[in-house]
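>>> Have a look at this prediction, sequence included:
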Amino acid sequence: MILNCDTPLGPHRIIAEPGCLRRAGELLNLRRRVLIVTDDGVPADYARTVAASCREARIVTVPQGERSKCFETLQELLRQMLDFSLTRQDCVVAVGGGVVCDLAGFAASVYMRGIDCCTVPTTVLAQADAAVGGKTAIDFAGVKNLVGAFHFPPVVLIDTDLLRTLPRRHISAGLAEAVKIGLTCDGELFSLFETDDPLAHLSEIVAQSVRLKRDVVSRDASDQGERRVLNFGHTIGHAIEAARPDLLHGECVALGMLPMCAPAVRRRLEAVLHRLGLPTCLSLPAEALAQTIAHDKKAENDAVRAVLVPEAGTYEIRMLTVGDLLRRLETIQGGAEKP
Ligand SMILES: NC(=O)c1ccc[n+]([C@@H]2O[C@H](COP(=O)([O-])OP(=O)(O)OC[C@H]3O[C@@H](n4cnc5c(N)ncnc54)[C@H](O)[C@@H]3O)[C@@H](O)[C@H]2O)c1
Ligand SMILES: [Zn+2]
């Protein structure tokens with residue numbers, strides 16, 4: 001599958017084909033200096049495969065985990081870019097999950113006012129969600145993605161064969177984002193999670209999530225309106241993530257979606273999350289979460305903008321009062337936590 005998504009901010013081509021990493025030399029423009037960024041949890045072979053196709057490459061490996069999305073690692077990358085004499089005609093290739101794509105993309109967006117950064121996402125979350133749409137960022141002062149830029153990769157190479165080495169917990173967490181886009185924009189994609197084994201349909205699910213996100217992004221590249229639907233589950237999800245660093249982003253999004261669904265949809269979503277081994281309840285006081293959310297950047301005059309799902313495949317955006325939010329949060333309170 002090849003999708004072109006020409007945005008006002010530049011061309012954005014997404015190639016999703018199992019095995020396409022082996023064709024990196026033909027699909028990416030690597031006839032220049034290429035700084036490959038990866039992390040120490042990503043199998044090293046993936047970055048080496050890209051390097052083998054380049055005329056002149058250097059691989060930089062950062063420590064795995066969210067903590068690498070920081071100024072120190074950004075500086076280290078910029079230093080490596082300078083040391084390797086990258087010019088505006090050269091490029092960065094990110095080989096890794098959302099952390100590597102966000103970090104390398106942001107470094108490329110500021111180096112010499114912006115050089116190309118192609119991405120080879122290697123997690124379900126990065127393939128189905130993060131790699132599409134040009135958002136890059138690092139975290140600062142305890143706030144996720146506070147410092148960032150829109151910087152569209154000219155080419156995104158999605159090779160679902162690379163997911164074979166990804167631990168099961170990360171596969172499920174990434175699928176939460178696919179459930180998100182299905183539940184809000186495509187009832188059929190959501191039904192697939194109810195009727196089939198998602199692991200047997202990973203490539204299809206990734207491809208369909210990418211198509212749906214591409215459609216939303218191409219209508220609202222700079223996040224002024226429609227793109228807000230992609231925040232479904234994230235207002236509450238981000239607050240949970242801040243309080244519970246032991247949970248993965250996708251696990252927090254899973255929890256964050258439940259209170260935003262109409263009761264009948266919520267029951268269906270709960271069943272899907274159970275099947276994926278994702279959490280459906282949490283032992284955190286609702287008041288503390290509501291407080292965090294009210295202080296969040298999305299709060300306007302004591303009301304919080306939220307994406308709600310009245311029916312699978314549809315959504316509406318409404319302002320919720322903190323009281324309403326509290327009542328909704330009670331639906332995920334108590335019970336035994338899983339996993
Ligand atoms: N830019 C966006 O639009 C966007 C959207 C959603 C999320 N994000 C960001 O993405 C980040 C989370 O991304 P993530 O879930 O991919 O986490 P991640 O990048 O931390 O990867 C998860 C773990 O899997 C390892 N890994 C990666 N690929 C592997 C593979 N193929 N085999 C084995 N191990 C592998 C990594 O080393 C890491 O330890 C967050 O920082 C989030 O803010 C960005
Ligand atoms: Zn997300």
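Received, thanks. Ligands and ions are numbered 1, 2, ... in the order given.

>>> Quick check: residues of the protein near ligand 1?
39, 41-43, 64-66, 69, 96-100, 102, 122-123, 125-126, 129-130, 133, 135, 144-145, 162-163, 165-166, 170, 249 (CB under 6 Å from any ligand atom). For glycine as for every other residue, the C-beta is placed from the backbone atoms N, C-alpha and C.

>>> Sort out for me which of those residues are in helices.
In this view, the residues of the chain next to ligand 1 that belong to helices under DSSP state H are 98, 99, 100, 102, 125, 170, 249.

>>> Any regions of this structure where pLDDT drops low?
Applying pLDDT under 70 to the chain flags the ranges 296-301, 335-339.

>>> just to revisit the earlier point, which members of the ones in helices among the residues of the chain next to ligand 1 are classed as buried?
Among those, those classed as buried by neighbour count (16 or more other CB atoms under 10 Å) are 98, 99, 100, 102, 125, 170, 249.

>>> Now do the same contact list for the fourth one.
Under the criterion of CB atoms under 8 Å, 6 or more residues apart in numbering, the contact list for residue 102 reads 69, 130, 135, 136, 137, 138, 145, 148.

>>> Next step: the residues of the chain next to ligand 1 restricted to strands.
The strands, defined by DSSP state E, take in 39, 96, 135, 144, 145 from the residues of the chain next to ligand 1.

>>> any idea what sits nearest the residue positioned nearest the centre of the chain, other than its immediate chain neighbours?
Most central in the chain under CA atoms, centre = their mean is residue 130, positioned 3.1 Å from the mean C-alpha point. Leaving aside its chain neighbours, residue 130 sits nearest to residue 98 (3.9 Å; criterion: CB to CB, 6 or more residues apart in numbering).

>>> what residues are up against the one you found?
Residue 98 is in contact with 121, 123, 125, 126, 129, 130, 249, counting by CB under 8 Å, 6+ apart.

>>> How about residue 157?
Contacts of residue 157 (CB under 8 Å, 6+ apart): 15, 20, 21, 24, 27, 28, 118, 119, 120.
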